[in-house]
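1. Kindly return the folded structure for what I paste below:
(chains A and B)
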Amino acid sequence: MDIAVSTQHLTKVYKNKAVVRDADIQVNRGQVYGLVGRNGAGKTTILRMLCGCALPDQGTISLFGAVEEKGLLMERRRIGSVLESPSFYPYFTAKQNLEYYRTIRGIPEDQSAEEALAIVGLTNTGNKKFKNFSMGMKQKLGLALAIMGNPDLLILDEPTNGLDPMGIVEFRQIVARLNQEKGITMIISSHILGELSQIATHYGFIENGRIIEEVSAEEIHQRCRKSIAFTVDDGAKAAAVLEQSLSIQDYEVLNGNQLRVYQSIDTPHLITRALVNADIAVMSVVPQESNLENYYVELVGGGKDA
Amino acid sequence: MLNYLKGEFYKVFHRKSFYVFTGVISLLAIATNVLSCFYGGLGQAEIFDQILLMGLYYLVLPAYLVLLFTDWISGEESKNGTMKNAVSMGVSRSTIYISKFLVALAVSFLSAAAILLALYGSGWLLFAIGGGVSMEYVTYLLQGLMGALPLWMACVAMGICLNSIMRSNILAAFLSVGIISILELPIMFLGKIWAGFEVLKPYTIMNQLGRLSMVAYPGVEAGSIVSTAALTGLVYLVFFFLLGLLVFRKKEIR
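-> Okay, here's the model as predicted:
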């Protein structure tokens, strides 16, 4: 698998406080990587370092295989990004702003700005200056800048901030389309986990500047799917009962005395009866259904500001 | 770098401010000449000589005016938070810094050329056409411009430097104006602590621009005044250019 972005021991210190510590992330080509963490966890700082706006105090960044500064500069030309809030020249229109950046990037196609505006649905802003844009329009223009020139990697920091519900849906559709049709790799940081869970293929969970887990959406889906948790006195014996008496194959034994059963979950009473009949003590039976939010909260041990 | 230069020119030439600023100053220059014509009469060649001479006394003005261009070109990046866009596109910081300096210089020259053309062109049409121009006064003016040019370029370098390394463009503007106008004061204060600092007193931008008006005085060695001003300007230029470049390359971009 081609690696688009990776970091090793990435560290950033502000005023003697490490806001990013030893962060190792890996994003393969074609992935939509959700960077998840609470406010101040270090998400934006990592993205800023990837984009060259902040310089790491320790560690290395690799973009499409380039590690040296000169190579990183070259590879950043393949990146489109929106860091924090979208920033543009207030006295320019949407098109003028994009034309300015098209010139800087050396994108030869004259229609690039128009195309990007069309993709995000901003073609009808005419002579309206950026300073008069609504928050949603600003976010869309930020996305238009990021996608102009067909980048290979998109880095989007809280891209749905300020968008109304319809705007969020549109944004999700645009991002999903870009990923699926053009194969653009994406790193998206977001607080809105429900939203992120609909587009991300992989996740990096960050807490206090440390990447505490990298996991695929598939794996999270597996871990979060509906199940029944049985607490028993003998996990191994209970597993044998599940397989031999009930023909259940889809289950896990956790910590020796916990069973997580994913099959036949509509008939917990039958499983309980079979276990009891086999002389296994059943201490609790709890139906489980989780999602990305619950998974994250469990992972970081709870908190108000996730 | 060429792309970035093109982009910066696009930004300057696609906003009204550049045209309004240059146009208003040019119109003021023309209006001054028309008023002089109203009081002094048409075709009075000596009035044009006075206009040429007057230029020497206003050499300090462009030092302040170029700060406006450095604010548009560099200072507004921090105000609007737009610098991160260019940096994250893989444009090297050195390219950004050097390009901004070059564009600020070019735009300043262009604006200055338009204003000077308006001032001296209208003056020549109103007062000197057919009557001849005193080459003596033209020489004084050219000498003044030769000395002032590096000092003005130093002001551009200072504006780009301070706007690039400071977070607030307003603070950068105040500091730039302070360095041009009242640098003599801290030098005097430091001179009280150690007399060696007094040596620096004549070498402020304001003093050097002021001294250039003396090239028209009789018995004054104009060459020395002009070369001292030019050298002082070059020292300021190199200092501010390098300081800004070194700091900007490591600066946290917000």
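2. Just say helix, strand or coil for the closest residue to chain B within the stretch 151-300 of chain A.
-> Nearest residue of the stretch 151-300 of chain A to chain B, counting by C-beta to the nearest C-beta: A:I155, 7.6 Å away. All C-beta spots, glycine's among them, are computed from the backbone N, C-alpha and C. With DSSP: H, G, I helix; E, B strand; the rest coil as the basis, the three-state label of A:I155 is strand.
3. For the residue nearest to B:M89 when sequence neighbours are not counted, which residues are in contact?
-> Nearest residue to B:M89, sequence neighbours excluded (C-beta to C-beta, 6 or more residues apart in numbering or on different chains): A:R105, at 5.5 Å. Shown in contact with A:R105 (C-beta atoms under 8 Å, 6 or more residues apart in numbering or on different chains): A:R77, A:M148, A:G149, B:N3, B:M89.
4. Check whether the fourth one really touches A:I104, as I assumed.
-> Yes: if you go by C-beta atoms under 8 Å, B:N3 and A:I104 touch, sitting 5.6 Å apart.
5. who's more crowded, the two?
-> A:I104 (23 against 17; other C-beta atoms under 10 Å in any protein chain shown).
6. Not counting sequence-adjacent ones, nearest residue to that one?
-> Leaving aside its chain neighbours, A:I104 sits nearest to B:G7 (3.8 Å; criterion: C-beta to C-beta, 6+ apart).
7. got a list of contacts for the one helix or strand that neighbour maps to?
-> Using DSSP states H and E, B:G7 falls within helix B:2-13. Here helix B:2-13 makes contact (C-beta under 8 Å, 6+ apart) with A:89, A:92, A:99-101, A:103-106, B:18, B:69, B:72-73, B:86, B:91, B:95-96, B:99-100, B:102-103, B:106-107.
8. Buried among those residues? Make that a PyMOL selection.
-> Buried residues among the contacts of helix B:2-13 (16 or more other C-beta atoms under 10 Å in any protein chain shown), as a PyMOL selection:
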select buried, (chain A and resi 89+92+99+100+101+103+104+105) or (chain B and resi 18+69+72+73+86+91+95+96+99+100+102+103+106+107)
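9. can you count the residues close to the residue in the stretch 101-250 of chain B that chain A sits nearest to?
-> At 6.6 Å from chain A, B:K250 is the closest residue in the stretch 101-250 of chain B, using C-beta to the nearest C-beta. By other C-beta under 10 Å, 9 other residues sit near B:K250.
10. ok, now the one 3 residues further on?
-> Neighbours of B:I253 under the rule other C-beta under 10 Å: 22.
11. That one: what's it in contact with?
-> By C-beta under 8 Å, 6+ apart, the contact list for B:I253 reads A:R48, A:G52, A:C53, A:A54, B:M83, B:K84, B:V87.
12. mind putting those in a markdown table, distance to A:E207 and pLDDT included?
-> Shown next, in a markdown table, are the contacts of B:I253 (distance: C-beta to C-beta, whole Å; pLDDT from 0 to 100):
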| residue | distance to A:E207 | pLDDT |
| --- | --- | --- |
| A:R48 | 18 | 94 |
| A:G52 | 25 | 93 |
| A:C53 | 23 | 93 |
| A:A54 | 20 | 93 |
| B:M83 | 30 | 92 |
| B:K84 | 25 | 92 |
| B:V87 | 28 | 93 |
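13. In helices only, show me those residues.
-> Assignment to helices by DSSP state H places the following of the contacts of B:I253 there: A:R48, B:M83, B:K84, B:V87.
14. how deep is the first one tucked in, by neighbour count?
-> Going back to what we said before, that points to A:R48. Residues near A:R48, counting by other C-beta under 10 Å: 25.
15. For it, give its distance to B:I51.
-> 54 Å (C-beta to C-beta, to the nearest Å).
16. Quick check: pLDDT value at B:G191.
-> pLDDT recorded at B:G191 is 86.
17. secondary structure element for it?
-> Short version, using DSSP H and E: B:G191 is in helix B:184-193.
18. For that helix, which outside residues touch it?
-> Identification of contacts with helix B:184-193 by C-beta under 8 Å, 6+ apart yields B:F197, B:E198, B:L200, B:K201, B:T204, B:M206, B:N207.
19. show me the contacts for the last one.
-> Shown here is B:N207, whose contacts under the criterion C-beta under 8 Å, 6+ apart are B:E184, B:K201.
20. make it 7 Å
-> Neighbouring residues of B:N207 by C-beta atoms under 7 Å, 6 or more residues apart in numbering or on different chains: B:E184.
21. Extract the CA atoms of the host helix or strand of it and return them as CSV.
-> Remark: B:N207 resides in helix B:205-211, with elements defined by DSSP H and E. What follows is helix B:205-211, C-alpha atoms only, in CSV (Å, rounded to 0.1, in the frame of the first residue of the first chain):
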residue,chain,number,x,y,z
ILE,B,205,16.8,57.6,7.6
MET,B,206,15.1,61.0,8.5
ASN,B,207,18.5,62.8,8.9
GLN,B,208,19.9,61.4,5.7
LEU,B,209,16.8,62.3,3.7
GLY,B,210,16.8,65.8,5.3
ARG,B,211,20.5,66.3,4.5
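22. Tell me if B:G147 really is in a helix.
-> Yes: B:G147: assigned to a helix according to three-state DSSP.
23. What is the burial count for the residue nearest to it when sequence neighbours are not counted?
-> In this structure, B:G147 finds its nearest non-sequential neighbour in B:A229, 3.5 Å apart by C-beta to C-beta, 6+ apart. For B:A229, the neighbour count with other C-beta under 10 Å is 28.
24. Okay, and B:A229 sits in which element?
-> helix B:222-250.
25. which of the residues in that helix are buried?
-> Quick answer for helix B:222-250 (16+ other C-beta under 10 Å): B:222, B:225-226, B:228-230, B:232-233, B:236-237, B:240-241, B:243-245, B:248.
26. Stretch A:268-285 now?
-> Going by neighbour count (16+ other C-beta under 10 Å), the buried part of stretch A:268-285 is A:I271, A:T272, A:A274, A:L275, A:I280, A:V282, A:V285.
27. Without its sequence neighbours, what residue ends up closest to B:R249?
-> With C-beta to C-beta, 6+ apart as the criterion, B:R249 has its nearest non-adjacent residue at 4.9 Å, and that residue is B:R93.
28. Roughly how far does the one you found sit from B:E221?
-> 44 Å.
29. and if you look at B:S94?
-> Distance from B:S94 to B:E221, by C-beta to C-beta: 41 Å.
30. And for B:L242?
-> Applying C-beta to C-beta to B:L242 and B:E221 gives a distance of 31 Å.
31. for A:L63, same thing?
-> According to C-beta to C-beta, A:L63 and B:E221 sit 60 Å apart.
32. Show me which of these two is the more surrounded one.
-> A:L63 (26 against 10).
33. Go ahead and confirm that one touches A:L72.
-> Yes: using C-beta atoms under 7 Å, A:L63 is in contact with A:L72, at 5.6 Å.
34. buried residues in the helix or strand harbouring A:Q244?
-> Using DSSP H and E, A:Q244 sits within helix A:235-246. Neighbour-count burial for helix A:235-246, counted by 16+ other C-beta under 10 Å, picks out A:G235, A:A238, A:A239, A:V241, A:L242, A:L246.
35. in the stretch 1-150 of chain A, which spans are strands?
-> Secondary structure of the stretch 1-150 of chain A, counting by DSSP state E, counting those that start in this stretch: strands at A:3-14, A:17-28, A:32-36, A:58-63, A:79-82.
36. Including mean pLDDT, could those strands go into TSV?
-> Below are the strands of the stretch 1-150 of chain A laid out as TSV (pLDDT from 0 to 100):
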stretch	mean pLDDT
strand A:3-14	94
strand A:17-28	93
strand A:32-36	93
strand A:58-63	94
strand A:79-82	92
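37. A:D110: which of the ones you listed is closest?
-> Between A:D110 and the strands of the stretch 1-150 of chain A, the shortest gap by C-beta to C-beta is with strand A:79-82, which sits at 18.6 Å.
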